[in-house]
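Chemist: Below are the sequence and a predicted model for it; my questions follow.
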Amino acid sequence: MFDFCVDPTALDRATWSGWFQWMACYLTTATHFSFYRSFMTVIGLLLVTAPVALAFGFAGASAARSHLPPVAWGGRIYISAVRGVPDIVFFLFFVIALDQGIEWFMHLFVCENTGEPVWSGSEFRVCPAAKVPRAGASAFVVSAYSFTIAVVTFAIVFGAFAANVLHGAMAAVPRAQLETAEAYGMSPRQVFRRVLVPQMWVYALPGLSNLWLILIKATPLLFLLGIKDAVYWARELGSAKTSGNNPYPHGDWRFYYFLALLVFYLLATRVSEIGLARLTRRLSRGQATRAGEAMRKGATA
């Protein structure tokens, strides 16, 4: 990247100028740019997963409140089953099951000889055309596929927790408000859409806020999905590099790399807390809650 980085071994690290030049070269290598991009991967995962998980949660909570027994059972089973399994176990199982399920579905349509079983003992075999992603696929396709699998997995796991929070928030809305809406002639769907859903967010936000912070802390589980995340690169780059013809030899620097990760996650948490506090104040305005009452008293004081 810099002209003096053509031969890093020629830089004199004994002097301040040479040391700074060496560090500038070291921090702008291709692997370090992969490390920097991994932070964007984490942020991208959070921004995409949060609304998808919220959609899963809203669907699960709505299903659990349904008057149709099969739908209600499905919603409650989803909430209880996913919440009852450790995250790391679900990540290891679901990713394999989903990946094999996609390839089995592709096998039925694109493979010529579908008479042979795809499961042979402990091995799972499909024709090369059914492999997802296909052999020889570009790095972008492989990364996009892994990222999509990660989003779906995170969304299902945290959607179950969101569903539990939203279900409790729906139950917390005063029944008198719903009955008043019904007395004015609103249909059950109108009551749900115009009264229940707008009112429930102020009750759901504390639980959803905690869930968002847990989601931030859970992003290191990306390595289980085959994605080289920030934790992977911090461990890889921070390990001692003193053998071979490495132009950037150094000892065990993992402390500094993980310190950078610590700062990143603390900043992400702090920014989230500020944003969530502002959102709470906005949603509490005019609500029959303690925060809403405090805002009304402050406005009339």
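Modeler: Noted; the coordinates are in hand.

Chemist: any low-confidence regions in this protein?
Modeler: Within the chain, the stretches with pLDDT under 70 are 1, 113-116, 121-122, 243-244, 285-301.

Chemist: Show me how it divides into domains.
Modeler: The chain resolves into domains spanning 39-232, 251-301 when parsed by automatic domain parsing.

Chemist: contacting residues for Val231?
Modeler: Pro220, Leu222, Phe223, Leu261 (C-beta atoms under 8 Å, 6 or more residues apart in numbering). Every C-beta, even on glycine, is put in place using the N, C-alpha and C of the backbone.

Chemist: Where does it sit, in terms of helix or strand?
Modeler: Element membership for Val231 (DSSP states H and E) is helix 230-238.

Chemist: What are the boundaries of the helices in the stretch 1-150 of the chain?
Modeler: 16-26, 30-64, 69-83, 87-110, 139-172 (DSSP state H, counting those that start in this stretch).

Chemist: Point out the one among those that comes closest to Tyr232.
Modeler: Closest approach to Tyr232 among those is made by helix 30-64 (7.4 Å; C-beta to C-beta).

Chemist: So which elements touch that closest one?
Modeler: helix 69-83, helix 139-172, helix 197-218, helix 230-238 (3 or more C-beta pairs under 8 Å, 6 or more residues apart in numbering; DSSP states H and E).

Chemist: hmm, try it at 6 Å
Modeler: Helix 30-64 is packed against helix 69-83, helix 139-172, helix 230-238, with contacts defined by 3 or more C-beta pairs under 6 Å, 6 or more residues apart in numbering; DSSP states H and E.

Chemist: Other residues contacting stretch 192-199?
Modeler: Stretch 192-199 has contacts (C-beta atoms under 6 Å, 6 or more residues apart in numbering) with Val173, Gln177, Ala181.

Chemist: and it, how far apart are its ends?
Modeler: 10 Å (C-alpha to C-alpha, to the nearest Å).

Chemist: could we number from 25 for the rest of this?
Modeler: Sure thing, new numbering starts at 25, so read that last one as stretch 216-223.

Chemist: list the buried ones in that stretch?
Modeler: Phe216, Val219, Leu220, Val221, Gln223 (16 or more other C-beta atoms under 10 Å).

Chemist: how close does the second one sit to Pro212?
Modeler: Right, the one you point to is Val219. Val219 sits 11 Å away from Pro212, going by C-beta to C-beta, to the nearest Å.

Chemist: one step back: mark which of the contacts of stretch 216-223 are buried, thanks.
Modeler: Counted by 16+ other C-beta under 10 Å, those give Val197, Ala205 as buried.

Chemist: could the contacts of stretch 216-223 go into TSV alongside distance to Pro230?
Modeler: As requested, these are arranged in TSV below (distance: C-beta to C-beta, whole Å):
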residue	distance to Pro230
Val197	15
Gln201	20
Ala205	25
